[in-house]
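Novice: have a look at this prediction, sequence included:
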Amino acid sequence: MAFCDNLKRFRQEAGLKQSEIAEKLDVAQPTYQRWESGLREPSFADIENIAKALNVNVAELFQDGVLDPDPTEVELAGMIAQAMSELPVGLTFEDYPRAVSSSLHEQLKRFRASRGFRRTEA
């Protein structure tokens, strides 16, 4: 996925029109439209401002492909091991699945936040 495609996707995810993001960036709407259509390239300072305005990091603007918000098998195995080590003593068999899933859910939220991933609705 090209820079201009990512620019459009992140703008739309932020719920902004081209005119609104252009105003935030203090550039003319036609200038922003040219960036998004790939006809022009913004300066590095503009790229930093775009990333800040869209609440993404600069690398995400140039990321090729769709970001995968899910951990690898090795990362997931580590999360499971941690979840099991955090189980309270004396947990009943009936409460075990809920306790593990609750711990895993919290770890996945932290994992996604630390990677800067965002889930996009298809």
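Specialist: Nice, I can see it. Residues are numbered from 1 along each chain as shown.
Novice: find me the pLDDT at the residue of the chain positioned farthest from its centre, would you?
Specialist: For the chain, the residue at maximal distance from the C-alpha centroid (CA atoms, centre = their mean) is residue 90, at 38.2 Å. At residue 90, the model reports a pLDDT of 86.
Novice: is it in a helix, a strand, or coil?
Specialist: The three-state label for residue 90, taken from DSSP: H, G, I helix; E, B strand; the rest coil, comes out as coil.
Novice: state the distance from it to residue 82.
Specialist: Here the criterion is CB to CB, to the nearest Å. By it, residue 90 lies 20 Å from residue 82. Bear in mind the C-beta positions are built from the backbone N, C-alpha and C, glycine included.
Novice: repeat that for residue 76.
Specialist: Using CB to CB, we find residue 76 at a distance of 11 Å from residue 82.
Novice: and the two? which has more neighbours close in?
Specialist: It is residue 76, of residue 76 and residue 82, that has more neighbours when counted by other CB atoms under 10 Å, with 15 against 12.
Novice: contacts only, for that one.
Specialist: If a contact means CB atoms under 8 Å, 6 or more residues apart in numbering, then residue 76 has no contacts.
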